[in-house]
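> have a look; sequence and predicted model below, questions after that.
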Amino acid sequence: MTDEVPRTFRRDSRLFLSVALLLILFLNFVTLLFFRNATEWGSRQTERRAAEILNRMALPYADPAEALDRAALGSDVLFVASYDAKGRRVRGSSHGLEAPPVLPTVPPAGGEVVSEWRSSPRVLLATRATRTGFSVVAVDPGPGGALRSYAQSLSLVVPAAGALLVVLAWLYLRSLLAPLDRLLQTAGGAPPGPGLPGAEPSDERHFLIARFEATIAALSEKERELERLARAEKERADDMEIAARTLARNLPTGLLSVDRSGAVVELNEAGREILGVALDARGEPFARVLAKVPEFEEVITAVLERREAVGRRETHWGPERVLGVTATPATGADGRFLGVLALFSDLSEVRRLEARVALARHLADLGEVSAGAAHEFRNAAAAIDGFADLALRSPERAADHLKSIRREAQEMTRVTSDFLLFARPDEFVPAPVSLDAVAEGAATEVQRAFPGTVVERAGEFPEVAGSAVLLRRAVANLVRNAAEATPAARRSEPSAIVISGRRNGEEVSLAVADRGPGVDPDAREKIFLPFYSSKPDGSGFGLAIVARIAEIHGGTVEIAARPGGGAVFTLRLAGAPDSSARAAVPAGQPSGSRSSS
């Protein structure tokens, strides 16, 4: 649409400026011409005056000395002098300027007058040949001498200034019209406003005004549309805010919203009941509201500082209260950090129910274990009774029978120790435990029991919170189980038995892989039960103890098939906390939220 833009104003502007420049240059040159003519006329008058003086001095009847003195009486005569034929001064008379000792001008021909203008000082020298030599007169031109110099200078300056003026005017016109061209180019792409049919703008000014008015009208229409959309969006935002507040009030869990400065924006009714806050906490610092729950306060502080979400985390409040907290940074549509949004619930009753369920399950396990132990004791007692009877009947073989009785007694002792470890583990205070040291100790223990066995370690072995003795027993049982499952011929192969560690967020996993026959999927649910064993001489307590130790550490133990053959037992535990008051974990009580039977 830019081809529809009129160009009359720019064309007229260039024409007007060109005519104005030509007129100014014409007037300057005419004035210079008149000034030069006037100066030349004054110069000719001065030269004529000097020639008259020299002609009077050259009259044949005039006395040379008297004529020279008479000529020097003129007010404009600076000096008059006579020179011989060789150009040496013979006689002279001066007024303010001494005649030079030699002829100051070019010798003229007979009867001619030669005039020379000098600039320093400004003087006209006129020379005429006489019968005996030359006569020279110096005439003061007065103001005409200065005007003559000015005329010569102006003859150079005025044309140069005129040319410079033309260049500057052309550059100024370009800079003056460049914004107009850009405006016209931009306006040419704008939609034309409503007007009379066939009414076309007469020049660029009318065109710009018309397009500007059309643009203003379009912007006004857009503004009205934006205002309408803003009102609709505000109504929608108000509706959403009402819905959000209604949802927050009716949530069964606590909702805490904190702005970037740490002030509470929203704490719903369920949250106030959980935290025991009676009044509205809006505008209060969150540290004051959560003063009774320091671990909850630490979670909000961490999200405010790091701006990273904190997943489901349990925070302890006093000796019995437990809160489940999930906190996430809140950001606006433009990515600005707005604050923290936290959802929390009281898990105290849930944990008490879990403890009771765990206790009931543990009692059930104890009943099953007791039945198994009674069965083992009855078998051992029967064997001891039988060997004792044989010793009484055959005294000559009493030593062999006593050895058998001792072996059965040792087996009863081992079963009793395993039973006690499973039923009532020693009470311990959780402390940082290096899984690297645990894995190394377990590998060394198994390698002593199975000479020639190679146990490789790979991955990361961070610290966890727990009992070093119990964790070493659990890992040693897993490695021993892997060595027993792996055929003796393959125990020395590289990567046959591998202990690998890995950290996944706040969870730490330790896996033991073997090259045995694997575990039947149907048996995976029963393999961790007491007295269940697929080995002919197994007691069924090894993996049960591993599961029990994992349970009291708040972890789990899992089993999966190993690629290429074999099985992988994975012990999952919680990582060591950064800083927390560690309490003693009583026997039979789970220390975390996850457990495995």
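Now that the structure is in, tell me what you want to look at.
> before we move on, what SS does Tyr127 have?
That one is not Tyr; residue 127 is Thr. Secondary structure state of Thr127, per DSSP: H, G, I helix; E, B strand; the rest coil, is strand.
> for it, which residues are in contact?
Residues in contact with Thr127, defined by C-beta atoms under 8 Å, 6 or more residues apart in numbering, are 54, 103-108, 113-114, 116, 134-136. For glycine as for every other residue, the C-beta is placed from the backbone atoms N, C-alpha and C.
> mind checking which of the residues you listed are buried?
The neighbour count (16 or more other C-beta atoms under 10 Å) marks Leu54, Leu103, Pro104, Thr105, Pro108, Val113, Val114, Phe134, Ser135, Val136 as buried among these.
> out of these, which one sits closest to Ser257?
Pro104 (108.5 Å; C-beta to C-beta).
> spatially nearest residue to the closest one, not counting backbone neighbours?
Leu125 (5.6 Å; C-beta to C-beta, 6 or more residues apart in numbering).
> do you know how far the one you found is from Ala50?
Remark: distance between Leu125 and Ala50 (C-beta to C-beta, to the nearest Å) = 8 Å.
> now the common contact residues for the two.
Overlap of the contact sets of Leu125 and Ala50 (by C-beta under 8 Å, 6+ apart) consists of Ser115, Val137.
> so for those two, which residue has more residues nearby?
Ala50 (25 against 20; other C-beta atoms under 10 Å).
> and the more buried one, that one's in a strand?
No. Read with three-state DSSP, Ala50 is helix and lies in no strand.
> pLDDT score for it?
As predicted, Ala50 sits at a pLDDT of 85.
> mind listing what the nearest residue to it once chain neighbours are set aside touches?
Spatial nearest neighbour of Ala50, excluding adjacent residues (C-beta to C-beta, 6+ apart): Ala126 at 3.5 Å. Residues counted as contacts of Ala126 (C-beta under 8 Å, 6+ apart) are Glu47, Ala50, Ala51, Ile53, Leu54, Val113, Val114, Ser115, Glu116, Val136, Val137, Val139.
> quick check: Ala126 vs Asp140, distance?
Distance, Ala126 to Asp140, using C-beta to C-beta: 12 Å.
> how about the helices in the stretch 201-350 of the chain?
204-250, 269-275, 286-289, 294-306, 348-393 (DSSP state H, counting those that start in this stretch).
> any idea how far the first one is from the chain center?
The reference is to helix 204-250. Helix 204-250 sits 32 Å away from the centroid of its parent chain (C-alpha atoms, centre = their mean, to the nearest Å).
> show the average pLDDT along that helix.
Averaged across helix 204-250, the pLDDT comes to 78.
> list the helices and strands whatever helix or strand Leu171 lives in packs on?
Leu171 belongs to helix 143-188 when assigned by DSSP states H and E. Here helix 143-188 touches helix 8-57, strand 113-119, strand 122-129, helix 204-250, going by 3 or more C-beta pairs under 8 Å, 6 or more residues apart in numbering; DSSP states H and E.
> how about residues contacting the shortest one?
By C-beta under 8 Å, 6+ apart, the surrounding residues in contact with strand 113-119 are 43, 47, 50-51, 54-55, 104-108, 123-128, 141, 145, 148-149.
> 6 Å instead, please
Strand 113-119 is contacted by residues Glu47, Ala51, Leu54, Thr105, Val106, Pro108, Leu124, Leu125, Ala126, Thr127, Arg128 when judged by C-beta atoms under 6 Å, 6 or more residues apart in numbering.
> over to stretch 388-399?
His401.
> now stretch 55-65
So stretch 55-65 is contacted by Ala67, Ala71, Thr130, Ser135 (C-beta under 6 Å, 6+ apart).
> pretty sure the last one sits in a helix.
I take that to be Ser135. No. Per three-state DSSP, Ser135 lies outside any helix segment and is strand.
> buried sites along stretch 502-509?
By neighbour count on 16+ other C-beta under 10 Å, the buried set for stretch 502-509 is Val508, Ser509.
> I meant to write stretch 179-186 there.
Buried, per 16+ other C-beta under 10 Å, within stretch 179-186: Leu183, Leu184.
> can you put the helices and strands packed on helix 143-188 in a markdown table and add distance to Phe79?
Output for the helices and strands packed on helix 143-188, formatted as a markdown table (distance: least, C-beta to C-beta, whole Å):
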| stretch | distance to Phe79 |
| --- | --- |
| helix 8-57 | 12 |
| strand 113-119 | 13 |
| strand 122-129 | 9 |
| helix 204-250 | 71 |
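> deepest-packed of those, please.
Sort the helices and strands packed on helix 143-188 by mean neighbour count, taking mean count of other C-beta atoms under 10 Å, and strand 122-129 sits at the top with a mean of 21.
> out of the contacts of stretch 55-65, which is most surrounded?
Ser135 (25 neighbours).
> any idea what that one is bridged to?
Ser82, Arg128 (DSSP bridges).
> would you mind confirming that it makes contact with Arg128?
Yes. If you go by C-beta atoms under 6 Å, Ser135 and Arg128 touch, sitting 5.2 Å apart.
> now for those two: what residues contact both?
Counting by C-beta under 6 Å, 6+ apart, the residues touching both Ser135 and Arg128 are Leu54.
> tell me, how many residues neighbour Pro395?
For Pro395, the neighbour count with other C-beta under 10 Å is 9.
> then Phe79?
21.
> for Gly459, same thing?
15.
> how close does it get to Ala439?
To Ala439, Gly459 is 10 Å away according to C-beta to C-beta.
> let's verify Gly96: helix, strand, or coil?
With three-state DSSP as the basis, Gly96 sits in coil.
> need the phi and psi values for the residue lying closest to it once chain neighbours are set aside.
Closest residue in space to Gly96, ignoring its immediate chain neighbours: Leu78 at 5.8 Å, by C-beta to C-beta, 6+ apart. Main-chain torsions, Leu78, degrees, to the nearest 10: phi -90, psi -40.
> quick check: bridge partners of Glu456?
Counting by DSSP bridges, the residues bridging with Glu456 are Val498.
> correct me if wrong: it contacts Val498.
Yes. With contact defined as C-beta under 6 Å, Glu456 reaches Val498; the gap is 4.8 Å.
> who has more neighbours out of the two?
Between Glu456 and Val498, counted using other C-beta under 10 Å, Val498 has the larger neighbour count: 22 against 13.
> does that one touch Ala513 like I think?
Yes. Contact criterion C-beta under 6 Å: Val498 and Ala513 qualify, at 4.7 Å.
> so Val106: helix, strand or coil?
Per three-state DSSP, Val106 ends up coil.
> how about it, nearest residue that isn't a chain neighbour?
Val114 (5.8 Å).
> same deal with Val519?
In this structure, Val519 finds its nearest non-sequential neighbour in Ala567, 5.1 Å apart by C-beta to C-beta, 6+ apart.
> ok, now which ones touch the one you found?
Contact analysis of Ala567 by C-beta under 6 Å, 6+ apart lists Asp514, Gly518, Val519.
> quick check: the first one touching Gly566?
The reference is to Asp514. Yes. Between Asp514 and Gly566 there is a contact under C-beta under 6 Å: 4.8 Å.
> please say which of those two ends up with more neighbours.
Between Asp514 and Gly566, Asp514 has the larger neighbour count (other C-beta under 10 Å), namely 26 against 21.
> quick one: residues contacting the more buried one.
Ala482, Ala485, Thr486, Ile497, Gly566, Ala567 are the contacts of Asp514 under C-beta under 6 Å, 6+ apart.
> out of these, list just those in strands.
Ile497, Ala567 (DSSP state E).
> any idea how far stretch 92-110 is from the middle of the chain?
91 Å.
> thinking again about what came up before, and the two most separated of the contacts of Ala126?
Ile53 and Glu116, at 15.3 Å, using C-beta to C-beta across the contacts of Ala126.
> with distance to Ala278 and pLDDT added, can I get the buried ones among the contacts of Thr127 in TSV?
Compiled in TSV, the buried ones among the contacts of Thr127 are given as follows (distance: C-beta to C-beta, whole Å; pLDDT from 0 to 100):
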residue	distance to Ala278	pLDDT
Leu54	129	82
Leu103	127	88
Pro104	122	88
Thr105	123	87
Pro108	129	87
Val113	128	86
Val114	125	87
Phe134	131	88
Ser135	131	88
Val136	126	90
